[in-house]
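**Q** How does the following fold in three dimensions:
(2 chains, ligands or ions: 2)
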Amino acid sequence: MSILPNILFAIILFLGIGYFARNVKKLIRNIKLGQDIDRSDNSSARWKNMAMIALGQSKMVKRPIAGFLHILVYLGFVIINIEVLEIIIDGLFGTHRVFSFLGGFYDVLIGSFEVLAFLVLVAVIVFWIRRNVMKIQRFWKPEMEGFPKSDANYILYFEMVLMTLFLVMNAADYHLQFVPGGFSHYHQAGSFPISQFIAPVFNGMDNALVAMIEKGAWWLHIVGILIFLNYLYFSKHLHILLAFPNTYFANLNPLGQFNNLESVTNEVKLMMDPNADPFAAPANPDAVPAKFGASDVQDLNWVQLLNAYTCTECGRCTSSCPANQTGKKLSPRKIIMDTRDRLEEVGKNIDANGGKFVDDGKSLLNDYITTEELWACTTCNACVEECPVNISPLSIIMDMRRYLVMEQSAAPTELNNMMSNIENNGAPWPYNQMDRLNWVNE
Amino acid sequence: MSESLIVPTMAEMMAEGKQPEILFWVGSAGSFDDRAKKITRAFVKILNKANVNFAVLGTEESCTGDVAKRAGNEFLFQMQALMNIELLNSYEVKKIVTCDPHSFNCLKNEYPNLGGNYEVLHHTQFIKQLLSEGRISFNKETYKGSRITFHDPCYLGRANNEYDAPREILQTTNAAVVEMKRSKSSALCCGAGGAQMFKEPEKGDMDINVLRTQDALETNPNIIVTGCPYCNTMMTDGVKFSHKEEEIKVLDIAEIIANAQE
Ligand code: SF4
Ligand code: SF4
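**A** Ligands and ions are numbered 1, 2, ... in the order given. Modelled structure (predicted):
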């Protein structure tokens, strides 16, 4: 037997994994463009979150139909990885079904792969119908036009093709296993609850041709998997990897607790303290004066940027957003997608300029996200509650509002009035603080 | 409801060398908004009846800064917070109760990091305690035959995971308590949060409070109950918008109990 296919396989595998690794490096670099935030506390609660939400899919099932179908595809994905391991070993060493020595257990393994592959196929077809035929509202929002919509469909087509190839490969193998007297290296192994029904199409076909079909399906299957792996980086499908770190690093505080900006605390304390020495040297004289709030992706923290890459564009946040439901421009999903798009743009800028960001006159604010969207948010946390992978669109909205108000003094007039009332009267309304107890005698 | 209330202030208490069991944080809405003032009075009526040893800050109280913070003005928020914390700490306040979920959230979650550490309760949590300790009672016949639906305020519910206290109180009333299609963690916002109360909404097809009131109306209630002065305003407006103000009342949990007392 020639070892040429094995060498070819090794090269393809090397290229596939190498290119993926290169993109992962880029991904990590882009996420690190964000500001520091400490999420190293309370690791037991974090592991638990990850186990429940990413591994256990606990938030997916809040919408039972999508949740159930998603679990099928997810299980299929996890389990099929064992199959991929066998494929890699077979490919590298020229073996055939190397795990088959496991005997009865192998039968169970292959049997369950087949059942799952079939269920995944069904689930994916239902997903496709939900997206394209039933036109479920949240998949048809403006931010889903163009690539995001085709992206979702590409993934579904990919999975359909991969699962079909897997079943065809098994069916051909099954057929050859039962050739009287045996055929080539096809020995009896595995159990084929699904593909045995496909196998009859090979009846009467030349055995050599069936073997070619088996090999062909095998090659297309593994090459397909490698292409899929590399497609991840460009797609919302990245969530299959990032859901894990994303849920681990997610906020553990009560949802209503917004962070207190430390840079502001220092200034406010200085302003309020009559004994403070206004000429005292700042602790770190080289520090760039802090920017309040965020106008671009580099002002956000790395967890928010990780969020942006993790988003599955499922739109659960948007469909639960009161502003969106009442026809306002705000869509929390769009906030997250814009953040990712801008981050990708900044990343490309850095690549093109030898590792340094060169100002491109653009920013997340205005070029991607408008103030109208930002001011429509009621900070109700429905989006955060809904997100199956613990993303917080609200935290980005808040940081951008902070920029608008504190750096640009660009709040809507009514809010400016409200704020000056607080400053002058200690209440958002224009009433005198001395009247605060009038209710007692009314 | 203009019976006289007993409302001691912290300053008076201090002068007498006394320390109250709780500080009642009235909040700006509770002090100035005409509708919310009634909620404040209802809650004090409960406190008085239960002989709760409480005090208010009175004219020394100032805005928590919550709305400024949600609007993005962290400066103004922290100025308010640090001022309030200084005052609260000088009175050695340990426990705070408030009828406003926004103040509740802000005092409970955002003040500690600035040096203000208190045990903070929403009034529904406190009323629940009083009920279970047998410190208050009310006429259970009052709501017999009514249909009540509860609107979860975002800053009590999703923001702080308190869904049970208001429901447990309502369960004691003998009314039929019906849930809206979206409730608890999936409740729709009333539309007032995040400083929206103080501005016109952005352009859209409808106002959020109208949509939320539809959720409530679908349950065919006589009374829509909530636990937040802003929700109260929004739902009241929503009911008016649907011309249902003759049949349907919008009440705070404190009013539900206070109205049935005596
Ligand atoms: S927090 Fe803002 S963006 Fe999120 S659901 Fe509520 S209104 Fe929409
Ligand atoms: S932020 Fe979360 S809920 Fe919203 S689209 Fe992305 S994954 Fe879905």
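
**Q** can you give me the helices for the stretch 101-250 of chain A?
**A** Per DSSP state H, counting those that start in this stretch, the stretch 101-250 of chain A has helices spanning A:104-132, A:147-177, A:207-232, A:239-248. These are given in chain order.

**Q** So for chain B, which of these sits nearest?
**A** For those, distance to chain B was read as C-beta to the nearest C-beta. The smallest value, 17.4 Å, belongs to helix A:239-248. (Each C-beta comes from the backbone N, C-alpha and C, glycine too.)

**Q** quick one: that closest one to chain centroid distance?
**A** Once both centres are worked out by C-alpha atoms, centre = their mean, to the nearest Å, helix A:239-248 turns out to sit 7 Å from its chain's centre.

**Q** Which strands or helices does that helix pack on?
**A** The helices and strands touching helix A:239-248, judged by 3 or more C-beta pairs under 8 Å, 6 or more residues apart in numbering or on different chains; DSSP states H and E, are helix A:43-49, helix A:302-310.

**Q** right, quick check: the host helix or strand of residue A:415 against chain B, any contact?
**A** In this assignment (DSSP states H and E), residue A:415 forms part of helix A:413-425. Yes - applying C-beta under 8 Å from any C-beta of the partner chain, one finds helix A:413-425 touching chain B at A:414, A:415, A:417, A:418, A:419, A:422, A:423.

**Q** Of these, grab the buried ones for ChimeraX.
**A** Those of those that meet the burial criterion (16 or more other C-beta atoms under 10 Å in any protein chain shown) are gathered into one ChimeraX selection, given here:
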select /A:415,417,418,419,422
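
**Q** Now the residues of helix A:413-425 next to chain B in CSV, please, with extra columns for distance to ligand 1 and pLDDT.
**A** CSV is the format used below for these (distance: C-beta to the nearest ligand atom, whole Å; pLDDT from 0 to 100):
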residue, distance to ligand 1, pLDDT
A:414, 18, 95
A:415, 16, 96
A:417, 22, 95
A:418, 18, 96
A:419, 20, 96
A:422, 22, 96
A:423, 26, 93
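
**Q** Can you lay out the residues of helix A:413-425 next to chain B as CSV showing distance to residue A:442?
**A** Compiled in CSV, the residues of helix A:413-425 next to chain B are given as follows (distance: C-beta to C-beta, whole Å):
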residue, distance to residue A:442
A:414, 27
A:415, 29
A:417, 25
A:418, 24
A:419, 27
A:422, 23
A:423, 27
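
**Q** What is the nearest of the residues of helix A:413-425 next to chain B to residue B:4?
**A** The nearest member of these to residue B:4, counting by C-beta to C-beta, is residue A:422 at 31.1 Å.

**Q** List the residues that contact that closest one.
**A** With contacts taken as C-beta atoms under 8 Å, 6 or more residues apart in numbering or on different chains, residue A:422 has the following neighbours: A:428, B:63, B:65, B:67, B:68, B:76, B:80.

**Q** Can you name the residues that contact the third one?
**A** Read that as residue B:65. A:422, B:76, B:77, B:78, B:79, B:80, B:81, B:84, B:106 are the contacts of residue B:65 under C-beta under 8 Å, 6+ apart.

**Q** Surely the fifth one touches residue A:268?
**A** Yes - the pair residue B:79 / residue A:268 is scored as a contact, 5.5 Å apart, by C-beta atoms under 8 Å.

**Q** picking up where we left off before, can you flag the buried ones in the contacts of residue A:422?
**A** Among these, those buried by neighbour count (16+ other C-beta under 10 Å) are A:428, B:63, B:65, B:67, B:68, B:76, B:80.

**Q** Buried residues, the helix or strand hosting the last one. List them.
**A** Under the assignment given by DSSP H and E, the secondary-structure element containing residue B:80 is helix B:74-90. Judged by neighbour count (16+ other C-beta under 10 Å), helix B:74-90 contains these buried residues: B:74-85, B:87-88.

**Q** before we move on, the earlier item: identify, from the contacts of residue A:422, the entry nearest to ligand 2.
**A** Taking C-beta to the nearest ligand atom as the measure, ligand 2 lies nearest residue B:67 of the contacts of residue A:422, at 25.9 Å.

**Q** What values do phi and psi take at the residue lying closest to the closest one once chain neighbours are set aside?
**A** Distances taken as C-beta to C-beta, 6 or more residues apart in numbering or on different chains put residue B:195 closest to residue B:67, at 4.9 Å, once the chain neighbours are dropped. Backbone torsions for residue B:195, taken as degrees, to the nearest 10, come to phi 70, psi 10.

**Q** residues in contact with residue B:195?
**A** Residue B:195 makes contact with A:415, A:418, B:67, B:68, B:70, B:71, according to C-beta under 8 Å, 6+ apart.

**Q** And residue B:9, by the same measure?
**A** Residues in contact with residue B:9 (C-beta under 8 Å, 6+ apart) are A:437, B:55, B:56, B:57, B:58, B:60.

**Q** From residue A:73, how far out is the closest residue to ligand 2 within the stretch 151-262 of chain B?
**A** Using C-beta to the nearest ligand atom, the closest approach of the stretch 151-262 of chain B to ligand 2 is made by residue B:186 at 13.2 Å. If you measure residue B:186 against residue A:73 using C-beta to C-beta, to the nearest Å, the figure is 25 Å.

**Q** what's near enough to touch the residue of chain A at minimum distance from chain B?
**A** Of all residues in chain A, the one sitting closest to chain B is residue A:256 (2.7 Å; C-beta to the nearest C-beta). Under the criterion of C-beta under 8 Å, 6+ apart, the neighbours of residue A:256 are A:381, B:105, B:109, B:154, B:155, B:158, B:159, B:160.

**Q** so how far is residue B:244 from the nearest residue to the fifth one once chain neighbours are set aside?
**A** Sequence neighbours aside, residue B:101 is the residue nearest to residue B:155 in space, at 3.9 Å (criterion: C-beta to C-beta, 6+ apart). As defined by C-beta to C-beta, residue B:101 lies at a distance of 25 Å from residue B:244.

**Q** The two - which one has more neighbours?
**A** Taking residue B:101 and residue B:244 together and counting by other C-beta atoms under 10 Å in any protein chain shown, residue B:101 has the greater number of neighbours (31 against 16).

**Q** pretty sure that one is in contact with residue B:228, am I right?
**A** Yes - here residue B:101 lies in contact with residue B:228, judged by C-beta under 8 Å, at a distance of 4.8 Å.

**Q** quick one: common contacting residues for the two?
**A** Going by C-beta under 8 Å, 6+ apart, residues that sit against residue B:101 and also against residue B:228 are B:153, B:155, B:156.

**Q** which of those residues count as buried?
**A** Burial by neighbour count, judged by 16+ other C-beta under 10 Å, picks out B:153, B:155, B:156 from those.
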